[in-house]
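# Have a look at this prediction, sequence included:
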2 protein chains.
Amino acid sequence: MHVLRKPYLLYLGDAVLKSDCKTAFGLRDWCPDDVLGEWSHPNGRVTLGLPRLSPAQAAARGAGSIVIGVAPTGGQLPEHWQDDLQAALEAGLDAVSGLHTRLGSSPRLRAAAERRGVRLVDVRHPVRDFAVASGRKRSGKRVLTVGTDCALGKKYTALALTRALEARGLAATFRATGQTGILIAGSGIAVDALVADFLAGAAEALSPDNRADHWDVIEGQGSLYHPAYAAVTLGLLHGSQPDAIVLCHDPARRTIEEYPDYPIPPLDVVIEGYLQAGRLTNRAIRCVGISINSSELSEAEWDAYRGKLARELALPVCDPLRGGVAPLAEALAKV
Amino acid sequence: MHVLRKPYLLYLGDAVLKSDCKTAFGLRDWCPDDVLGEWSHPNGRVTLGLPRLSPAQAAARGAGSIVIGVAPTGGQLPEHWQDDLQAALEAGLDAVSGLHTRLGSSPRLRAAAERRGVRLVDVRHPVRDFAVASGRKRSGKRVLTVGTDCALGKKYTALALTRALEARGLAATFRATGQTGILIAGSGIAVDALVADFLAGAAEALSPDNRADHWDVIEGQGSLYHPAYAAVTLGLLHGSQPDAIVLCHDPARRTIEEYPDYPIPPLDVVIEGYLQAGRLTNRAIRCVGISINSSELSEAEWDAYRGKLARELALPVCDPLRGGVAPLAEALAKV
């Protein structure tokens, strides 16, 4: 499992477009207390509105890591970014990346990290093999966000739900399974990069035994209804052994994205599919509610859609961005 | 995908027990036409009853590869085995291994292979990343062996079924998904060693478009009811898009092996579970029969069990080792 050194200095490279810096904006918004400042190349045009700190200044203020918050064009690490990252390593910071390209593929960064005794952390790549799943029941409670498809709010819902549980005075921990979630949480496992045999075992390691009344809120991945990624979803579901699931959905999506021949089934069918698969490792699994990405609906459409869905499924229906997820936390409090 | 150079010279090291040479015996029995002979260390005590050929003699008779047919104690490659393997490389053979330890972890074998322009092939380790699954329907027909658990006859059933189809005059190809199957077939993909995101895509690549009346007989892995390995099973099922499945089962097993808290559900439930999951990528999927590992049943018990099961499920029930799988091939011929 990756465990990161906070707080962060966020690196924006020479980005010109905000849309290339989604990771940095996400970190600023989701873990503001863990972000000391921002740094960029002189050619950069994007700012997060945070204090501008050189790596040395950030280190002096106690920063633990510089985090690449920008996506490079083409995926490779430009030379001039490497200048900045090397300076950060030499100032004593870890360098953290969620990119496909490994930081260690740069000989100069590898050498600088070794010299200074700091780490290059590639959160997209797992650090080690995990044990094969034991299937053993663990103490504590777990909720997993699942989806009708990829990329429709499973991470966002899990983060919002963690806060909503804490707001009710319940103990809750967000458990990250993708690179952005890992950066936000400061730890986690990118499950889609694992060797298939160890998926469920990694999910077990991610949410270990805990206090009986503690909630692990586990970030879901993929979808059981996705022709390419369902294996990842199933391994995560089995290893997580969730007591509860929250189904995430975007009503604007009729088919799996980029798979027009794969219609998204009715939500009651999807829920039953997840529960059936999940019962293998937790007989008591239940669905406590629905999280909708309603960004394409007007206020009136959302009201009508939400009311209809809540009646049909007899479950609370929320949009984390439209009124929050308190009803989901309330449902969990009764589990 | 691994593609091996046949025919083989089978290497037995200094094995004393036949049970350590299961791979070699399996190859002798399943692909006798592809096996030229055997070779072992002077201390070895096991023989397959094949011509004893030094690597140079085997090369002179046209061998393509030396295959490690023995499991080393502790998993590492002993020095004296490396002597024999190096001699084989120098004679122009590829060296092929199904062990966890990579052949390339030995500097002398790596150097010898490079010098001679031959290959070190580790069939347990995938050669490359595969594309993400497309979900596109492919031409040709596919049958996948699935199981109530691991290690109860899925490979054996697929091999027997391939022969039974050919005996009926049908075109059929065995598609290997595990190391022993790959050695037998001479090609294949060890799916359990793949990164989870590419599992279904690899399964698609393993059984590409084919003639409309051609059968790919795909070796299944794991079980949808296994708390650690179901992800592998699901990715293989989705990517294979099978028109038919054959369920493999061992009636002596009441729970998943080494998982006493995981009972094996009734077979009709298991079949329906596989069909439901398989329908995502092939709406027409059906179960054509059951393959039983009846080694723990007496003849009378087997007759009774088989009759009862066939009536209950209204499907042909076979044991490949007790009368063969012709009824399964017959059922496939009607698909």
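Good, I have the coordinates. Residues are numbered from 1 along each chain as shown, chains lettered A, B, ... in the order given.

# Near chain B, which residues of chain A? Just list them.
For chain A, the residues in contact with chain B (CB under 8 Å from any CB of the partner chain) are A:132-136, A:191-197, A:199-201, A:225, A:227-232, A:234-235, A:238, A:259, A:261-262, A:273, A:276, A:280-281. The C-beta positions use only the backbone N, C-alpha and C, and glycine is treated the same way.

# Determine the number of other residues adjacent to A:Glu257.
15 (other CB atoms under 10 Å in any protein chain shown).

# That should have said A:Asp14, apologies.
Residues lying near A:Asp14 (other CB under 10 Å) number 18.

# same thing with the one 4 residues further on?
A count of neighbours around A:Lys18, defined by other CB under 10 Å, yields 14.

# how close does it get to chain B?
Here A:Lys18 is placed at a distance of 28 Å from chain B (CB to the nearest CB, to the nearest Å).

# residues contacting that residue?
If a contact means CB atoms under 8 Å, 6 or more residues apart in numbering or on different chains, then A:Lys18 has A:25, A:46 as its contacts.

# For A:Gly323, grab phi and psi.
phi 100, psi -10 (degrees, to the nearest 10).

# Can you name the residues bridging to it?
With beta bridges defined as DSSP bridges, A:Gly323 has these partners: A:Asp319.

# residues near it, how many?
For A:Gly323, the tally of surrounding residues (other CB under 10 Å) stands at 12.

# same check, this time on A:Pro208
For A:Pro208, the count of nearby residues is 11 (other CB under 10 Å).

# isn't it right next to A:Arg142, touching?
No: no contact is recorded between A:Pro208 and A:Arg142 when judged using CB atoms under 8 Å, the distance being 10.6 Å.

# re the thing from before, which of the residues of chain A next to chain B fall in strands?
When DSSP state E defines the strands, the subset of the residues of chain A next to chain B inside them is A:259, A:261-262.

# could those residues go into a markdown table alongside pLDDT?
Written out in a markdown table, the entries for those read as follows (pLDDT from 0 to 100):
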| residue | pLDDT |
| --- | --- |
| A:Tyr259 | 97 |
| A:Asp261 | 97 |
| A:Tyr262 | 98 |
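
# Pull out the buried members of the residues you listed.
A:259, A:262 (16 or more other CB atoms under 10 Å in any protein chain shown).

# What segments of chain A are helices?
A:22-30, A:55-60, A:79-90, A:107-116, A:154-167, A:179-185, A:199-206, A:230-240, A:267-278, A:299-313, A:326-333 (DSSP state H).

# Give me whichever of the ones you listed is most buried.
Comparing those by mean neighbour count (mean count of other CB atoms under 10 Å in any protein chain shown), helix A:230-240 ranks first with a mean of 29.

# could you give me the average pLDDT of that one?
Per-residue confidence for helix A:230-240 averages out to 98 on the pLDDT scale.

# do the same with stretch A:83-98
Confidence over stretch A:83-98 (mean pLDDT, whole number) is 97.

# First residue to last residue on that stretch, what's the distance there?
Using CA to CA, to the nearest Å, one end of stretch A:83-98 lies 18 Å from the other.

# and that stretch, how far out from the chain's middle?
For stretch A:83-98, the distance between its averaged C-alpha position and the chain's averaged C-alpha position is 23 Å (CA atoms, centre = their mean, to the nearest Å).

# cool, and stretch A:283-299?
The mean C-alpha position of stretch A:283-299 is separated from the chain mean by 17 Å, CA atoms, centre = their mean.

# okay, now A:Arg283: neighbour count?
Around A:Arg283 there are 8 other residues, counting by other CB under 10 Å.

# so A:Cys318 sits right up against A:Ile290, yeah?
Yes: contact between A:Cys318 and A:Ile290 holds when scored by CB under 8 Å: they sit 7.2 Å apart.

# And those two? Which one has more around it.
Taking neighbours as other CB under 10 Å, A:Cys318 and A:Ile290 compare with A:Cys318 leading, 26 against 23.

# ok, what's across the strand from the closest residue to A:Thr47 other than its chain neighbours?
Taking CB to CB, 6 or more residues apart in numbering or on different chains, and ignoring the residues beside it in sequence, A:Thr47 has A:Glu38 as its nearest neighbour in space, at 6.6 Å. With DSSP bridges as the criterion, A:Glu38 is bridged to A:Leu10, A:Arg52.

# how's chain A carved up into domains?
Structural domains assigned to chain A are A:2-122, A:141-333, following automatic domain parsing.

# what residues are up against the residue located most distally from the centre of chain A?
With CA atoms, centre = their mean as the measure, chain A has its most outlying C-alpha, relative to the mean C-alpha position, at A:Arg115: 31.9 Å. Shown here is A:Arg115, whose contacts under the criterion CB under 8 Å, 6+ apart are A:Glu90.

# what's the spacing between it and A:Ser106?
When distances are taken as CB to CB, to the nearest Å, A:Arg115 and A:Ser106 turn out to be 14 Å apart.

# Could you check the pLDDT of the residue farthest from the centre of chain A?
With respect to pLDDT, A:Arg115 has a value of 97.

# Ok, A:Ala160 next?
At A:Ala160 the predicted local distance difference test score is 97.

# Would you confirm that it contacts A:Gly323?
No: in this structure, A:Ala160 is not within contact of A:Gly323 by CB under 8 Å, at 10.7 Å.

# and the helices of chain A as a markdown table, adding distance to B:Leu4?
Compiled in a markdown table, the helices of chain A are given as follows (distance: least, CB to CB, whole Å):
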| stretch | distance to B:Leu4 |
| --- | --- |
| helix A:22-30 | 43 |
| helix A:55-60 | 51 |
| helix A:79-90 | 42 |
| helix A:107-116 | 36 |
| helix A:154-167 | 42 |
| helix A:179-185 | 37 |
| helix A:199-206 | 28 |
| helix A:230-240 | 26 |
| helix A:267-278 | 36 |
| helix A:299-313 | 53 |
| helix A:326-333 | 53 |
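
# To B:Lys154, which of the ones you listed lies closest?
Closest to B:Lys154 of the helices of chain A is helix A:230-240 (CB to CB; 17.4 Å).

# could I have the closest one exported to CSV, CA atoms only?
Only the C-alpha atoms of helix A:230-240 are listed here, as CSV (Å, rounded to 0.1, in the frame of the first residue of the first chain):
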residue,chain,number,x,y,z
ALA,A,230,-15.9,-6.0,-14.5
ALA,A,231,-13.1,-8.2,-13.2
VAL,A,232,-11.6,-5.3,-11.3
THR,A,233,-15.0,-4.4,-9.9
LEU,A,234,-15.7,-8.0,-8.8
GLY,A,235,-12.4,-8.5,-7.1
LEU,A,236,-12.8,-5.2,-5.2
LEU,A,237,-16.3,-6.1,-4.2
HIS,A,238,-15.3,-9.6,-2.9
GLY,A,239,-12.3,-8.4,-1.0
SER,A,240,-14.1,-5.4,0.5
